[in-house]
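Asker: Just a sequence and a predicted model for now, questions to come.
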Amino acid sequence: MEASHHAPLTRIEGGSAARRHCLIVLVASLCCLLMSSAATTWALWSDEVSTPAVQLSSGTFGVTVAWASEPDLSGLYPGATRDGVVTISHSGDGSWVHAIGVEMTGGLSSQMSATIYPGAVCEGTPMTPNTLTTTPLPALSSTQACVRFAVSSTAAGSYQGTSAQAVVTVYAENRPTQI
């Protein structure tokens, strides 16, 4: 038999564990190389396009309040009521909500009350004072509220001839308008 001329195999110290480690390092290096070349390839193919400029501008918001029917609050007596109607008009862009409050000052104010109703007539469910309405109104719209002023039916005689001042305040704010 003839002798084979193969180079002798060199044994790596640590045996198969060392070979596995070398193989893992080789595979990890190849993966890193492939991933970095893939990222580079992606960066080479790109595009960017912009739209033409558009003009943006803010809207406006304005509210006016006026008595549609101003109440006569003179000559009141215990248990008396008087109604007045305010018109609230919006003069801006977008929908809006509002709140109405009444502040009274003066000697008779502790014996007075004010109840606010939605609409031009003081009936139905009163509004909660100083609380925003929940249903937005459209832009450039108007709404009314009825304010009922009352003197307590138990007001003492010592309040005769005294007076109070009432100020109706409307707070309004815009709401987003969907396009």
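Answerer: It's in.
Asker: what are the ranges of the strands in this structure?
Answerer: 63-69, 81-90, 95-105, 112-118, 142-151, 165-175 (DSSP state E).
Asker: between the ones you listed, which one is nearest to residue 75?
Answerer: strand 81-90 (9.5 Å; C-beta to C-beta). C-beta: built from backbone N, CA, C; applies to glycine.
Asker: Partner strands of the closest one and their direction?
Answerer: Strands that pair with strand 81-90, judged by DSSP bridges, come out as strand 63-69 (antiparallel), strand 142-151 (antiparallel).
Asker: and the angle from that strand to strand 165-175?
Answerer: Counting by axes from the mean of the first three to the mean of the last three C-alpha atoms, to 10 degrees, strand 81-90 lies at 30 degrees to strand 165-175.
Asker: what's strand 81-90 in contact with?
Answerer: 61-73, 76, 96, 98, 100, 120, 122, 137, 139-151, 168, 170, 172 (C-beta atoms under 8 Å, 6 or more residues apart in numbering).
Asker: quick one on the thing from earlier: need the strands paired with strand 81-90 in TSV (columns: mean neighbour count and distance to residue 164).
Answerer: Output for those, formatted as TSV (neighbours: other C-beta atoms under 10 Å; distance: least, C-beta to C-beta, whole Å):
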stretch	mean neighbour count	distance to residue 164
strand 63-69	14	17
strand 142-151	19	9
